[in-house]
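[1] what's the 3D shape of this:
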Amino acid sequence: MSNGDKRLQVDTKILNEIKDDINHSRKIAAIKKLRSATNTGLKEAKYAVERMEHEMGLKSHPHAIKDGHKVGPKTFIRAITFDLGGGELTVDLEAMEMRALMGLDVMGINEVARVLDLVKILKAFSDGDDINITSMLTSDDDTL
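    Coordinates of the predicted model:
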């Protein structure tokens, strides 16, 4: 089974530390950091680090391209700014849900539904999920 399509996401600071460990031949330290940051198993983290070594041109690990997860920075959506008709409003995603629901009488149910759909998509993006908007908006599952 190919794991190469799955992506492990870590904070940029941790990713830079892992890359530094790899560049300085501290593979075990890199594996430990990756395991700690992603709660992955030893084998999964080892293959991911070997994939990084291979992609950085430091060592040849052809098996890691097939078996290792790609490691990249985690993208966070901390806040979003939008105009609800009364001026700009910057909110985090949780507040955005609440503001939309509280503005139901002003915005109308269709616009509130659109805002809640947007929040759902942005949360999935922040969680590192692959986003397929058509399936997300037609899904009855709120957990993604």
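[2] The closest residue to E88 other than its chain neighbours: what's it in contact with?
    Spatial nearest neighbour of E88, chain neighbours left out: T81 (5.5 Å); criterion: C-beta to C-beta, 6 or more residues apart in numbering. The C-beta positions use only the backbone N, C-alpha and C, and glycine is treated the same way. T81 makes contacts with E88, L89, T90, as judged by C-beta atoms under 8 Å, 6 or more residues apart in numbering.
[3] Could you list the low-confidence segments of this protein?
    1-5, 76, 84, 133-144 (pLDDT under 70).
[4] Next, give phi and psi for T90.
    phi -110, psi 120 (degrees, to the nearest 10).
[5] Identify the spatial nearest neighbour of it, chain neighbours not counted.
    In this structure, T90 finds its nearest non-sequential neighbour in T81, 4.3 Å apart by C-beta to C-beta, 6+ apart.
[6] and the gap between D67 and V119?
    To V119, D67 is 36 Å away according to C-beta to C-beta, to the nearest Å.
[7] According to the record, where do the domains of the protein fall?
    Taking automatic domain parsing as the reference, the chain has its domains at 7-73, 80-138.
[8] now the residue nearest the centre of the chain, what's its secondary structure?
    What sits nearest the mean C-alpha location of the chain, by C-alpha atoms, centre = their mean, is G128, with 2.3 Å. Following DSSP: H, G, I helix; E, B strand; the rest coil, G128 is assigned to coil.
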